[in-house]
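>>> turn this into a model:
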Amino acid sequence: MDKLRVVLLFGGRSSEHSISCATAGGVLRAIDRSRYEVIPVGITRDGAFVLESDDPDRFALDPAHLPEVVDNGSRVRWPESAASRELRVTDAAGERSLGDVDVVFPILHGRFGEDGTVQGLLELLGLPYVGNGVLASAVGMDKHFTKTVLEGAGIAVAPWVTLTRAALADDRELWERRTKALGLPVFVKPARAGSSVGVSKVADWSALDAALETAFAEDGTVIVEAAIVGREIECGVLGGAGTSVRVSVAGEVVVSGRDFYDFEAKYLDAPGIELVCPADLGDGELFELQRIARRAFEAIGGEGLARVDVFLTGEGFVVNEINTMPGFTPISMFPTCWLQSGLSYPDLIAELIDGGHARGSR
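This is a model prediction of the structure:
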């Protein structure tokens, strides 16, 4: 059987650059080399496409030295039109072909990668790719529009207020009144960022302005969200776009010594967080969670994969967010939930790649 030639695309311009690199390291280590030929293409923080190392150790997640795509002087050239799938590279040795691409696996987190921008590029080029399309990626990246779509689909979400600098400048008193109507505590989040980057918990209104500045540093639109008291539960979703949608068992984030599940706890092994999978849920609770996760995935037009994060409160489940390219290191919650559902990390990678290839150009 001929191998599929897979472009593993990672890095990127977002603040989640290093997490994308760590995900790449996990995939490079686990991918079945007997079935797939991998072309590792990194995107530098400045947006240059470079031919990267195929060594997974190069992208290990070390808290003292986060992995990064460094500009090595090479430049990867995408096909000149949708009539070709040939990838080329220019480096110190000159220009050469890397062969025809069968499928692209964009394991990019955050803006300029998970938000529909790279998906749009790949669609313009006519290249098959893994994961969600332009619309689902864009909606899932933007917390305001995710909430708006889910609320329209009858799915419970946390109450929120969306702010911009222009809105605050126009009538600060109005927006402060609406924000304070949410009650304390609140979470202040960039509308388009992930991995808890730029997120603050505000327990006193005197801290609101500083939290807004932190969030505005990541995005021009910010949401202020009422804090929900409940268990933090997550599950994985696979399928869509003409194939059956499957939902994994649930995992739980148990917060014991931190304000919330922040970047340091997620990726740098900071204390105060325990990840439990499978979560201790009754059969009825798990069934309802999986129903809601499937409905949320379908509401945004999801395909390929997603992680749905919810709170389990005394009144039921409240959806926190949908992550259309979840953390994908071997110890991340998404692959862990699928492992506990009977799907190994290498098999998960294979299913995603084969699914993206089968869907073809969109």
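
>>> three-state assignment of the residue nearest in space to the middle of the chain?
With distances taken as Cα atoms, centre = their mean, residue 325 lies nearest the centre of the chain, 3.2 Å away. Following DSSP: H, G, I helix; E, B strand; the rest coil, the label given to residue 325 is coil.

>>> which residues touch it?
If a contact means Cβ atoms under 8 Å, 6 or more residues apart in numbering, then residue 325 has 106-109, 113-114, 131-132, 137, 305 as its contacts. Yep, even glycine has a C-beta here, placed from its N, CA and C like the rest.

>>> try 6 Å
For residue 325, the set of contacting residues under the criterion of Cβ atoms under 6 Å, 6 or more residues apart in numbering consists of 109, 114.

>>> what strand or helix carries residue 10?
Assigning secondary structure by DSSP states H and E places residue 10 in strand 4-11.

>>> which helices and strands sit right next to that strand?
Helices and strands in packing contact with strand 4-11 are listed as helix 17-30, strand 36-43, strand 103-106; criterion 3 or more Cβ pairs under 6 Å, 6 or more residues apart in numbering; DSSP states H and E.

>>> repeat that with 8 Å
Counting contacts by 3 or more Cβ pairs under 8 Å, 6 or more residues apart in numbering; DSSP states H and E, strand 4-11 packs against helix 17-30, strand 36-43, strand 103-106, helix 345-359.

>>> on contacts alone, who are the packing partners of the last one?
Applying 3+ Cβ pairs under 8 Å, 6+ apart, one finds that helix 345-359 contacts strand 4-11, helix 17-30, strand 103-106, strand 231-240, strand 304-313, helix 333-340.

>>> distance from the fifth one to the middle of the chain?
Translated: strand 304-313. Strand 304-313 sits 12 Å away from the centroid of its parent chain (Cα atoms, centre = their mean, to the nearest Å).

>>> now it: average pLDDT?
On average, the pLDDT along strand 304-313 is 97.

>>> so it versus strand 231-240, what angle?
What separates the directions of strand 304-313 and strand 231-240 is an angle of 150 degrees, with axes from the mean of the first three to the mean of the last three Cα atoms, to 10 degrees.

>>> listing partners with orientation, what would you give for strand 304-313?
Here the strand partners of strand 304-313, with direction, are listed using DSSP bridges: strand 231-240 (antiparallel), strand 316-323 (antiparallel).

>>> what angle separates it from helix 333-340?
Counting by the same axes, to 10 degrees, strand 304-313 lies at 90 degrees to helix 333-340.

>>> before we move on, what about the fourth one?
Strand 231-240 and helix 333-340 are oriented at 80 degrees to each other (the same axes, to 10 degrees).

>>> got the angle between strand 231-240 and helix 345-359?
Orientation note: strand 231-240 sits at an angle of 40 degrees relative to helix 345-359 (the same axes, to 10 degrees).

>>> again with the second one
Between the axis of helix 17-30 and that of helix 345-359 there is an angle of 100 degrees, by the same axes, to 10 degrees.

>>> other SSEs contacting helix 17-30?
Applying 3+ Cβ pairs under 8 Å, 6+ apart, we find helix 17-30 packed against strand 4-11, strand 36-43, helix 345-359.

>>> now the shortest one
For strand 103-106, the helices and strands in contact under the criterion 3+ Cβ pairs under 8 Å, 6+ apart are strand 4-11, helix 117-125, helix 345-359.

>>> could you dump the helices and strands packed on helix 345-359 into CSV and include distance to residue 55 and mean neighbour count?
CSV is the format used below for the helices and strands packed on helix 345-359 (distance: least, Cβ to Cβ, whole Å; neighbours: other Cβ atoms under 10 Å):
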stretch, distance to residue 55, mean neighbour count
strand 4-11, 13, 24
helix 17-30, 7, 24
strand 103-106, 17, 25
strand 231-240, 28, 24
strand 304-313, 25, 24
helix 333-340, 21, 22
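
>>> got the contact list for stretch 215-229?
Contact with stretch 215-229 is made by 15, 111, 142-144, 147, 158-165, 179, 182-193, 197-201, 208, 212, 311, 313, 318, 320, as judged by Cβ under 8 Å, 6+ apart.

>>> count of residues packed around residue 150?
By the measure other Cβ atoms under 10 Å, the count of residues near residue 150 is 22.

>>> adding distance to residue 26 and mean pLDDT, write the helices and strands packed on helix 17-30 out as JSON lines.
Rendered in JSON lines, the data for the helices and strands packed on helix 17-30 read as follows (distance: least, Cβ to Cβ, whole Å; pLDDT from 0 to 100):
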{"stretch": "strand 4-11", "distance to residue 26": "11", "mean pLDDT": "98"}
{"stretch": "strand 36-43", "distance to residue 26": "13", "mean pLDDT": "98"}
{"stretch": "helix 345-359", "distance to residue 26": "8", "mean pLDDT": "96"}
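
>>> which other helices and strands contact the lengthiest helix in the chain?
Scanning the chain for the longest helix, with DSSP state H as the assignment, gives helix 283-299. With contacts defined as 3+ Cβ pairs under 8 Å, 6+ apart, helix 283-299 has these neighbours: helix 143-152, strand 231-240, strand 243-255, strand 304-313, strand 316-323.

>>> all set now, cheers.
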